[in-house]
Each structure stands twice: as C-alpha cells, then as structure tokens.
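>>> My questions are about this predicted structure, shown below with the sequence.
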Amino acid sequence: MTPAHIKRWFAGLASGKTKKKADTLAAHEQGPPVLLTACGGTETENQAHLLMARQSPGYIFVKELVADSVARRAGRIMLDYTKEAVNVRYEIDGVWHNVEPRDRESGDVMLAVMKKVSALDMDERRARQEGEFRAKSGSKKYTLQLVSQGTKSGERAIVELIPDKSPFSS
C-alpha cells in the first residue's frame, strides 16, 4: 500500500471504473482458485459429469471446502448429515477438529456435486458408495477419495485428500 497505489485506487472509485472481477467470471470460475476434475467413468462421461456439476450452486461450496481443507493441512474431511445441519470435521495430523457446521441445503448440493464428479449415484443415501475425483489448488494436485454411507441420523461422507506428490523431500 504505497501512496501512489492509494491515490490510483481513490481515482478509480471516483471515476466509477472499478468493476469487480467476479462480474466477468463464469459461475463455476468464482470462488477460490481450485480446479476440480471428474473421475470414475469414460472421458466423455467425466466431461458430462463435470459440466453438470459446474451448473450446480454446490460447485463453489466444494471448491471452498477443498481450499479450506488444503489451507488447514487436513488429510480427511468428514461430513455428518443430520436433519438440521451438516457437521464438518477435518482430520489434521491424526486429530479430528470441528469446523463451523453448514446448513442442510448447501450441504446437500455440495454432496451432490462431489457424488456427480465421482460418478456415484446422487440419489442413493443409504448404501455405501466409493468414488474419487481430482483437485488442483495452486501448484498442488490431489486425488480426493469419497466414501458415503447412510447412518441412523442421516448420511456420512468422508473425503480423503491424497497428494500426488509427497509433501516431504526426504
């Protein structure tokens, strides 16, 4: 923040030329800079699944979840679905940490997006399902393994973040 920068910023505000970057981005490009890739089917099926997921409002929620978990160095994410909310926990260095819960509506669309890019049945909420999708956050690439299964209170989904490269050099 130099004086010249502040001066240009105020001049831009006065002229009305400041346009938010989010206005020019497509809906799926908004949010954190995380790139999701569908897996689990043929290449054309994966492309179709990814296009359908990008049209969902839950796509940005998944990007936010992945970006937050990567920033906190989480190895796994647990989503516990109840009637009222979705409890979120991160496993960081072998210890589960509670994160702020989400409302049920955003949690449902988020899980639907993760199931869609993993080529799983979105409507199946009782039987155990396993799939995977990929994510790129910055220069780091991850394979995310999704396991969902019904519980007495609703449904539980666990997402394991597996880095493509080892974080340790030796």
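Alright, I've got the coordinates. Just so you know, these numbers come straight off a predicted model, no measurement behind them.

>>> From the chain's centroid, how far away is the helix or strand hosting Val66?
With elements taken from DSSP states H and E, the one containing Val66 is helix 58-71. Once both centres are worked out by CA atoms, centre = their mean, to the nearest Å, helix 58-71 turns out to sit 3 Å from its chain's centre.

>>> In this structure, where's the longest strand?
As far as residue count goes, and with DSSP state E defining each element, the longest strand of the chain is strand 140-150.

>>> Export only the CA atoms of the helix holding Val66, formatted as CSV.
Output for helix 58-71, consisting of C-alpha atoms alone and laid out as CSV, is shown next (Å, rounded to 0.1, in the frame of the first residue of the first chain):
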residue,chain,number,x,y,z
GLY,A,58,-22.8,-26.5,-4.8
TYR,A,59,-19.8,-26.4,-7.1
ILE,A,60,-18.5,-23.3,-5.4
PHE,A,61,-19.1,-24.8,-2.0
VAL,A,62,-17.0,-27.8,-2.9
LYS,A,63,-14.2,-25.6,-4.1
GLU,A,64,-14.4,-23.6,-0.8
LEU,A,65,-14.3,-26.9,1.2
VAL,A,66,-11.3,-28.2,-0.7
ALA,A,67,-9.4,-24.8,-0.5
ASP,A,68,-10.1,-24.6,3.2
SER,A,69,-9.0,-28.1,4.0
VAL,A,70,-5.8,-27.7,1.9
ALA,A,71,-5.0,-24.4,3.7
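
>>> Flag the shaky bits of the chain, pLDDT-wise.
Within the chain, the set of residues satisfying pLDDT under 70 comprises 1, 15-23, 167.

>>> how about 80 then?
When the per-residue scores of the chain are filtered using pLDDT under 80, the ranges that remain are 1-24, 27, 166-170.

>>> for it, what spans make up the strands?
Secondary structure of the chain (DSSP E): strands at 34-37, 76-81, 85-92, 95-103, 129-137, 140-150, 155-163.

>>> mind checking how far the residue nearest in space to the middle of the chain is from Phe168?
Most central residue of the chain, judged by C-alpha distance to the mean C-alpha position with CA atoms, centre = their mean, is Val62 at 2.2 Å. Using CB to CB, to the nearest Å, one obtains 28 Å as the distance from Val62 to Phe168. C-beta: built from backbone N, CA, C; applies to glycine.

>>> before we move on, the earlier item: give the other helices and strands that the helix holding Val66 contacts.
strand 34-37, helix 104-117, strand 129-137, strand 140-150, strand 155-163 (3 or more CB pairs under 8 Å, 6 or more residues apart in numbering; DSSP states H and E).
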